[in-house]
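Visitor: Could you work out the structure for the sequence below:
(one chain, ligands or ions: 2)
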Amino acid sequence: MFIYAMFQQYFPYELRGHAHKYTQKLVTYFYPYIQITFHELTGEKLKRSDAYFAIQNYLADHTTATAKRLKADVVKGSKSLVLTMDDHEQVMEEFQGIKIWWSSNKNTPKRPSFSFYPKTEERRYYTLTFHKRYRDAITKSYIDKVLKDGKAIAVRNRERKLYTNNPSDSWYEYQSTKWSHVQFEHPANFETLAMAENEKEAIKNDLIKFSKGKEYYTKIGKPWKRGYLLYGPPGTGKSTMIAAMANLLDYDIYDLELTTVKDNSELRKLLIETTSKSIIIIEDIDCSIDLTDDKKKDPVEKKKDEEEKKSKKGSKVTLSGLLNFIDGIWSACGGERIIVFTTNFVDKLDPALIRRGRMDRHIEMSYCCFEAFKLLARNYLDLDDHELFGRIEGLLGEKEITPADVAECLMPKSEREGVESCLRELVKVLEKLKKKKKQGKKKAEEEGEVNGESSSESGESSSEDDEVAGKGRKRNSKR
Ligand SMILES: Nc1ncnc2c1ncn2[C@@H]1O[C@H](COP(=O)(O)OP(=O)(O)OP(=O)(O)O)[C@@H](O)[C@H]1O
Ligand SMILES: [Mg+2]
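Guide: Residues are numbered from 1 along each chain as shown. Ligands and ions are numbered 1, 2, ... in the order given. The predicted structure follows:
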């Protein structure tokens, strides 16, 4: 190593080219060490190497304690400042008792060349040096470990993103313009999500099992992905649950707006551009596009639909296209992906779309039970018990109110508003709902007597109910 360094330092540059070939042979003959270099830019198009990036993260994590000269950098996509070894710095580490040296180097071309991007002229690379006796251990295990750990560190440090798809008119062939993103910073988590505790635990365990299940999925020969269907009335926490899932697993979110996707092939292109460790969501799937199976439609209706689609510029994504998106051969690329559909009307969905295996888990997000109320009270008011709790428990059993509406009551409207007045507000709303329900029932019974049927069993709330439980308006508009 010493001879090589001497050669680099003292031999005249002009003669180095000729002499290099022979001295290299000589040096390697006596030199008992092996060197492997990992360049930052590789290939003809000089793409940034994944291996270099992984090594950079690995070294930033493992060697900053020993390196004497460090470089602080804001790495694109990373949420914090990254400290790495400075140029021409060397560190040593041990792997299974083997000494390994890592050095960080850069080449700057001597002859000036014209370029619009002067920075790209600097070529950085890491050199890994070890004794040739350990060739197998290093090439077969150590490098794998470094790359794997480096990638895991990158995932841990990365800034999480919330993506949404762009209309295809703005896609460019040579750029990733299919999705645009912002930083994902939703505060939702499972601790603050109000729902039955055992159900919540089951979902959490399911998600964690999935995220650790790489070997299992390989063993059973299934692509590493899982589908969740979240259904329930508006304001029951479906979107909040998705954010909590992403925060629990540290995944990115791809919010797919189906109405802007022109056809099945565009859908496939979008899918290919998603990365692993992500949740792909399609909200309100029943309203997004017409997803009824074409084969089931009668010919007249089918023709009418086709003409409508031709005349409008709307989405031509079909049910079979979407099924392909979820579990076609392309869906396996990337792996470690969760697909979530949300809907307010689960009955409107084609059974093929939500059968087990596609949507592996169906989760009903329901009205607020007493257990969920207690969690909201703890979150919003720091309250574990109160004399009004008994009354609220009774009223919650009788009337359906969404967690969103309960949460709204529990949020103090002014600084002077205390715990008691928030709870009283909730009691008032619940009692009002109870009264309206009674009136609605009576009215329905009277109408039923006239029409010979009863509509009170439909479970729909009256329009006045909706006014109290403010989300009702949205429920109607979503149909
Ligand atoms: N289960 C819940 N736990 C805690 N907060 C909730 C819950 N459900 C609703 N909320 C509160 O209500 C607001 C609205 O909820 P969210 O948007 O998740 O409902 P949704 O089911 O997605 O409704 P929609 O069907 O209209 O999309 C949230 O911001 C959250 O503060
Ligand atoms: Mg929602």
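
Visitor: Can you pull the poorly scored residue ranges out of the stretch 301-450 of the chain?
Guide: Applying pLDDT under 70 to the stretch 301-450 of the chain flags residues 301-314, 449-450.

Visitor: what about the strands in it?
Guide: Per DSSP state E, counting those that start in this stretch, the stretch 301-450 of the chain carries strands over the ranges 337-343, 361-364.

Visitor: how about the residues of the stretch 351-479 of the chain near ligand 1?
Guide: Listed as neighbours of ligand 1 in the stretch 351-479 of the chain under the rule CB under 6 Å from any ligand atom: 365, 403-404, 407, 474. Where C-beta positions appear, they are placed from N, C-alpha and C, glycine not excepted.

Visitor: does T84 sit in a helix, a strand or a coil?
Guide: strand (DSSP: H, G, I helix; E, B strand; the rest coil).

Visitor: distance of it from I401?
Guide: Shown here: T84 relative to I401, a distance of 54 Å by CB to CB, to the nearest Å.

Visitor: With V427 instead?
Guide: Applying CB to CB, the value for V427 to I401 is 11 Å.

Visitor: The two - which one has more neighbours?
Guide: Applying other CB atoms under 10 Å to V427 and I401 shows that I401 carries more neighbours, namely 23 against 14.

Visitor: Surely that one and S366 touch.
Guide: No - using CB atoms under 8 Å as the test, I401 is too far from S366 to be in contact (10.9 Å).

Visitor: And for stretch 381-390, what's in contact with it?
Guide: With contacts defined as CB atoms under 8 Å, 6 or more residues apart in numbering, stretch 381-390 is touched by 374, 377-378, 410, 419-420, 422-424, 427.

Visitor: Go through those and name the one nearest ligand 2.
Guide: Here the nearest of the contacts of stretch 381-390 to ligand 2, counting by CB to the ion, is L410; it sits at 19.9 Å.

Visitor: any idea how far the residue in the stretch 151-300 of the chain that ligand 1 sits nearest to lies from M365?
Guide: Going by CB to the nearest ligand atom, ligand 1 is nearest to G237 of the stretch 151-300 of the chain, at 2.8 Å. Separation of G237 from M365 (CB to CB) stands at 5 Å.

Visitor: one step back: what's the ChimeraX line that selects buried ones from the residues of the stretch 351-479 of the chain next to ligand 1?
Guide: Command for ChimeraX, covering only those of those found buried under the criterion 16 or more other CB atoms under 10 Å:
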select :365,403,404,407
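
Visitor: Which stretches in the stretch 301-450 of the chain count as helices?
Guide: In the stretch 301-450 of the chain, helices defined by DSSP state H, counting those that start in this stretch lie at 319-327, 351-354, 370-381, 389-398, 403-410, 419-451, listed in chain order.

Visitor: Select, out of those, the one closest to K212.
Guide: helix 319-327 (21.6 Å; CB to CB).

Visitor: quick check: angle from the closest one to strand 337-343?
Guide: Note on geometry: by axes from the mean of the first three to the mean of the last three CA atoms, to 10 degrees, helix 319-327 and strand 337-343 are set 140 degrees apart in direction.

Visitor: Just the buried positions in helix 319-327, please.
Guide: For helix 319-327, a neighbour-count test (16+ other CB under 10 Å) marks 319, 321-327 as buried.

Visitor: Show me what that helix is packed against.
Guide: helix 264-272, helix 351-354 (3 or more CB pairs under 8 Å, 6 or more residues apart in numbering; DSSP states H and E).

Visitor: Most tightly packed of these?
Guide: helix 264-272 (a mean of 18; mean count of other CB atoms under 10 Å).

Visitor: Give the next helix or strand downstream of that one.
Guide: Following helix 264-272 in sequence order, the next helix or strand is strand 278-282 (DSSP states H and E).

Visitor: ok, and does that next one reach over to ligand 2?
Guide: No - Strand 278-282 does not reach ligand 2 (CB under 5 Å from the ion); its nearest approach is 9.4 Å.

Visitor: Could you give the number of residues near the residue of the chain found nearest ligand 2?
Guide: Here the chain gets closest to ligand 2 at one residue, S239, 3.2 Å apart by CB to the ion. The tally of other residues near S239 (other CB under 10 Å) stands at 19.

Visitor: from what I can see it touches T342, true?
Guide: Yes - between S239 and T342 there is a contact at 7.0 Å, judged by CB under 8 Å.

Visitor: Identify the contacts common to these two.
Guide: Listed as contacting both S239 and T342 by CB under 8 Å, 6+ apart are E283.

Visitor: Spatially central residue for this protein, please.
Guide: Centrality entry for the chain: nearest residue to the mean C-alpha point is D252, 2.5 Å, by CA atoms, centre = their mean.

Visitor: Going by neighbour count, which residues of the host helix or strand of E215 are buried?
Guide: For E215, the host element (DSSP H and E) is helix 214-220. Using 16+ other CB under 10 Å as the burial criterion, the residues of helix 214-220 that qualify are Y217.

Visitor: Need the contact partners of that helix.
Guide: 223-224, 335-336.

Visitor: ok, 6 Å please
Guide: Applying CB atoms under 6 Å, 6 or more residues apart in numbering, the contact partners of helix 214-220 are W224.

Visitor: Can you say which of the helices of the stretch 301-450 of the chain is packed in most?
Guide: Most buried of the helices of the stretch 301-450 of the chain by mean neighbour count (mean count of other CB under 10 Å) is helix 403-410; its value is a mean of 20.

Visitor: tell me which strands and helices it is in contact with?
Guide: The contact analysis (3 or more CB pairs under 6 Å, 6 or more residues apart in numbering; DSSP states H and E) places helix 403-410 against helix 370-381, helix 419-451.

Visitor: Show me where the stretch 51-200 of the chain dips below the pLDDT cut-off.
Guide: 64-65, 67, 73-82, 109-121, 174-176.

Visitor: all strands for it, in order.
Guide: For the stretch 51-200 of the chain, the strands defined by DSSP E, counting those that start in this stretch cover 70-73, 82-85, 90-95, 98-107, 123-131, 161-165, 179-183.

Visitor: Which one, of these, ends up nearest to ligand 1?
Guide: Using CB to the nearest ligand atom, the nearest of those to ligand 1 is strand 161-165, at 14.7 Å.

Visitor: quick one: buried residues of the closest one?
Guide: Of all the residues in strand 161-165, those buried under the rule 16+ other CB under 10 Å are 161-163, 165.

Visitor: Which one of the contacts of stretch 381-390 is nearest to V261?
Guide: Of all those, L410 has the smallest distance to V261: 39.2 Å, by CB to CB.

Visitor: got a list of what that closest one touches?
Guide: Here L410 is in contact with 376, 380-381, 422 (CB under 6 Å, 6+ apart).

Visitor: Check whether Y52 really touches L41, as I assumed.
Guide: No - taking contacts as CB atoms under 6 Å, Y52 lies outside contact range of L41: 8.2 Å.
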